[in-house]
Structure formats: structure tokens, C-alpha cells
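A.B. asks: dropping the sequence and predicted coords here.
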Amino acid sequence: MKLTTVAAPTPHVTETRVTRADAPKVLEYNWGDHDMRWELEALGGGTRLTLWTNIDRRFISMGAAGWHICFDVLDHLLSGTPIGRIAGGEAMKFGGWQRLNAEYARQFGIKTPNWPPREPQNS
């Protein structure tokens with residue numbers, strides 16, 4: 001199948017291989033070099049959405065921070081208070097991204113990646 005970005009400045013279409021589709025509970029596919037698994041589960045009076053994906057360890061805190069922001073955007077949309085699309089480099093400019101990146105780095109036991117790269121300081 002083909003995945004297409006929504007509301008991106010330019011369309012981005014990616015060939016994707018679905019490895020499991022168990023509607024309405026599970027969707028698994030490979031997106032580039034990332035295995036993705038989305039799972040829906042009834043929980044109380046609502047639904048829990050869980051995402052599993054593989055992220056290069058060098059970028060795991062950055063990826064987790066980015067997905068965290070994506071889920072915040074989704075939460076706002078579903079609650080009727082949309083805040084608009086925040087993706088890619090825009091997520092790194094979002095006010096809470098640096099904090100999330102640092103918190104996830106601590107949680108994963110890695111050094112906080114120096115991203116975006118900072119210019120060397122002249123003394």
C-alpha cells in the first residue's frame with residue numbers, strides 16, 4: 001500500500017508493506033525501515049491507542065518526544081480543541097520538545113542528543 005502525508009507542504013508518498021491487519025484492533029506495517037504497530041483496546045469508557053515502533057537508539061529520545069507531540073496534537077483534535085499540524089522539524093521548534101527530549105533521554109538512560117546542532121562558541 002502507499003502512505004501519503006496529510007497537510008504537508010509537499011506530498012510525500014511512501015511504499016509500505018502491511019504485515020498484519022486485524023480490524024478494528026491491530027494494524028502492523030513497515031514504513032521505510034521502521035516496523036509500526038498500532039493497537040486499539042477498550043479501556044473503561046474509552047479506548048487506549050498504543051504505538052510500537054523501532055527507532056535507532058541514537059535518536060530514541062528525539063523520536064519519543066516527536067511521537068509524544070503527535071499524540072498531544074491528536075488528543076486536542078479529538079477533544080474538539082485542535083491546535084493544528086506539528087510534524088518533523090516543526091515539532092523540534094515546539095516549546096516543550098527540548099524538555100521532552102531531555103526527559104526521554106533520562107528515561108532511556110542515554111545522553112541527551114545535541115539536536116538541533118548548536119553553533120560552536122568562539123571564546
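C.D. replies: Thanks, I have the structure now. Residues are numbered from 1 along each chain as shown.

A.B. asks: which stretches of this structure form helices?
C.D. replies: 60-78, 89-93, 97-108 (DSSP state H).

A.B. asks: hey, least reliable of these by pLDDT?
C.D. replies: Mean pLDDT values for the helices of the chain show the minimum at helix 89-93, a mean of 80.

A.B. asks: so which bits of that helix are buried?
C.D. replies: The neighbour-count check on helix 89-93 (16 or more other CB atoms under 10 Å) flags 91-92 as buried. Glycine gets a C-beta too; all of them are placed from N, C-alpha and C.

A.B. asks: now for L3: which residues touch it?
C.D. replies: Taking CB atoms under 8 Å, 6 or more residues apart in numbering, we find L3 in contact with 13-14, 16, 31.

A.B. asks: who is it paired with across the strands?
C.D. replies: T14 (DSSP bridges).

A.B. asks: try V18
C.D. replies: Y29.

A.B. asks: which residues touch it?
C.D. replies: 1, 27-29.

A.B. asks: from these, keep the buried residues only.
C.D. replies: 27-29.

A.B. asks: JSON lines for those, including pLDDT?
C.D. replies: Shown next, in JSON lines, are these (pLDDT from 0 to 100):
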{"residue": "L27", "pLDDT": "96"}
{"residue": "E28", "pLDDT": "96"}
{"residue": "Y29", "pLDDT": "93"}
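
A.B. asks: any idea which of those is closest to I83?
C.D. replies: L27 (25.1 Å; CB to CB).

A.B. asks: skip the chain neighbours and tell me the closest residue to that closest one.
C.D. replies: W38 (4.8 Å; CB to CB, 6 or more residues apart in numbering).

A.B. asks: same thing with I69?
C.D. replies: A91 (4.8 Å).

A.B. asks: for the one you found, what are its contacts?
C.D. replies: A91 is in contact with 65-66, 69-70, 97, counting by CB under 8 Å, 6+ apart.
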